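Colleague: Sequence isn't available, so here's the structure alone:
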Ligand SMILES: Nc1ncnc2c1ncn2[C@@H]1O[C@H](COP(=O)(O)OP(=O)(O)OP(=O)(O)O)[C@@H](O)[C@H]1O
């Protein structure tokens, strides 16, 4: 079925729907034994995890760990050498109207620079049987309503991120996936997206989000998939990861541990049951993450940067 071109009228100029009936998928992402090489680089190595509905799952790992590759395989943009990825129990490539099943932002620059923001979204909506009124709704939701008719190529990185998020929201999908969505966003924008992610999960959607900003994830994610060198290092709740790392710190407490304990006292830090049990101050999620991934970090700078 071909996409219909936009017509003038209204803020984004359209009202029309292409109806494609397809059974909605469940709100899950599953990977089973995913493996992917690029030449001699083993980017993803026997990766199995499930993202469940109703919570924000952070997808974290050092640079080059394989997060983007995994997300591309989930979206059928890369083919695994082994294993499979399913969205709502089905392979992405088998979905006729994929935006209705999974909304994703992988690369904010993946847009036609000469196309107006609203037209970019209208084409996506048409090809996925999504009512055109959703375009105005999502532009409002991401704060781009006033620049809807501007060419996307002239957008700043932060504006492109918002447009990418709008595209992900377009299909009202039960599964959402964002690859470093806070890149380029200002502090207000970062706060906004953290709230948005929590809200989407509270509606019962499965939300998978990669980020290097552990402090933001600490307040946003309920669960973490941690990978390093393509392998699964942890599939754990945020609470358990911090509690476990804090337990480990008890054997090696010192000045550094004291410092991280102080940080955990900051507003917003969660009280951890096991920490209280052992009479420990909790370390931050960032510290827990660094401990977990220190042997799986490929690219580290020397201390003085030389
Ligand atoms: N198209 C490609 N061709 C060759 N190698 C690739 C390609 N895409 C990824 N890789 C390699 O695969 C590995 C995993 O990369 P990937 O981008 O998935 O990691 P990442 O966890 O998303 O990293 P970052 O946090 O830095 O974005 C890296 O060694 C990377 O160089």
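Modeller: Structure's in. What do you need? As the structure is a computational prediction, the values presented were derived from the model and not from experiment.

Colleague: which other residues reach the longest helix seen in the chain?
Modeller: In the chain, assigned by DSSP state H, the helix with the most residues is helix 187-202. Contacting residues not belonging to helix 187-202 are listed as 53-56, 141, 143, 158, 161-162, 165, 176, 178, 181-182, 185, 207, 209, 213, 216, 219-220, 222 [C-beta atoms under 8 Å, 6 or more residues apart in numbering]. Just so you know, the C-beta spots here come from the backbone N, C-alpha and C atoms, and that holds for glycine as well.

Colleague: List the buried residues in the helix or strand harbouring residue 165.
Modeller: Element membership of residue 165, judged by DSSP states H and E, is helix 157-169. Of all the residues in helix 157-169, those buried under the rule 16 or more other C-beta atoms under 10 Å are 158-169.

Colleague: Where does the prediction get shaky in this structure?
Modeller: 1-25, 248-282, 298-306 (pLDDT under 70).

Colleague: nearest spatial neighbour of the most centrally placed residue in it, skipping sequence neighbours?
Modeller: For the chain, the residue nearest the mean C-alpha position is residue 209 (1.9 Å; C-alpha atoms, centre = their mean). Nearest residue to residue 209, sequence neighbours excluded (C-beta to C-beta, 6 or more residues apart in numbering): residue 178, at 4.6 Å.

Colleague: For that neighbour, grab the count of nearby residues.
Modeller: Look at residue 178: counted by other C-beta atoms under 10 Å, it has 26 neighbours.

Colleague: tell me the phi and psi of it?
Modeller: phi -130, psi 130 (degrees, to the nearest 10).

Colleague: so what's it bridging to?
Modeller: On the basis of DSSP bridges, residue 178 is bridged to residue 105, residue 209.

Colleague: Please name the residues that touch it.
Modeller: So residue 178 contacts 104-105, 165, 168, 197, 207-210 (C-beta under 8 Å, 6+ apart).

Colleague: Over to residue 108. Which of the three states is it?
Modeller: coil (DSSP: H, G, I helix; E, B strand; the rest coil).

Colleague: Only the buried subset of the contacts of helix 187-202, as a PyMOL command please.
Modeller: The PyMOL command for the buried members of the contacts of helix 187-202 (criterion: 16+ other C-beta under 10 Å) is given here:
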select buried, resi 53+55+56+141+158+161+162+165+176+178+181+182+185+207+209+213+216+220+222
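
Colleague: so which of the contacts of helix 187-202 also contact the ligand?
Modeller: Taking C-beta under 6 Å from any ligand atom as the test, the ligand is in contact with none of these.

Colleague: So which of the contacts of helix 187-202 sit within strands?
Modeller: 55-56, 176, 178, 207, 209 (DSSP state E).

Colleague: What is the most widely separated pair among those?
Modeller: 55 and 178 (14.3 Å; C-beta to C-beta).

Colleague: Excluding sequence neighbours, find me the nearest residue to residue 37.
Modeller: Closest residue to residue 37 apart from its sequence neighbours, by C-beta to C-beta, 6+ apart: residue 81 at 5.7 Å.

Colleague: Count the neighbours of the one you found for me.
Modeller: As a measure of burial, residue 81 has 13 neighbours, counting by other C-beta under 10 Å.

Colleague: quick one: contacts for it?
Modeller: 35-37 are the contacts of residue 81 under C-beta under 8 Å, 6+ apart.

Colleague: and residue 130, that one's in a strand?
Modeller: No: read with three-state DSSP, residue 130 is coil and lies in no strand.

Colleague: Is residue 234 in a helix, a strand, or coil?
Modeller: strand.

Colleague: so which helix or strand takes in residue 225?
Modeller: strand 223-228.

Colleague: List the neighbouring strands of that strand plus their orientation.
Modeller: Partners of strand 223-228 in its sheet, by DSSP bridges: strand 55-60 (parallel), strand 231-237 (antiparallel).

Colleague: Out of those, indicate the one that is most buried.
Modeller: strand 55-60 (a mean of 25; mean count of other C-beta atoms under 10 Å).

Colleague: Leaving out chain neighbours, which residue sits closest to residue 157?
Modeller: Per C-beta to C-beta, 6+ apart, closest to residue 157 is residue 184, 3.3 Å.

Colleague: How is this structure partitioned into domains?
Modeller: 29-229, 238-296 (automatic domain parsing).

Colleague: Please work out which of the ones you listed is packed deepest.
Modeller: Ranked by mean neighbour count, those are led by domain 29-229 with a mean of 20 (mean count of other C-beta under 10 Å).

Colleague: Can you measure across that one, start residue to end residue?
Modeller: For domain 29-229, the first-to-last residue distance is 21 Å (C-alpha to C-alpha, to the nearest Å).
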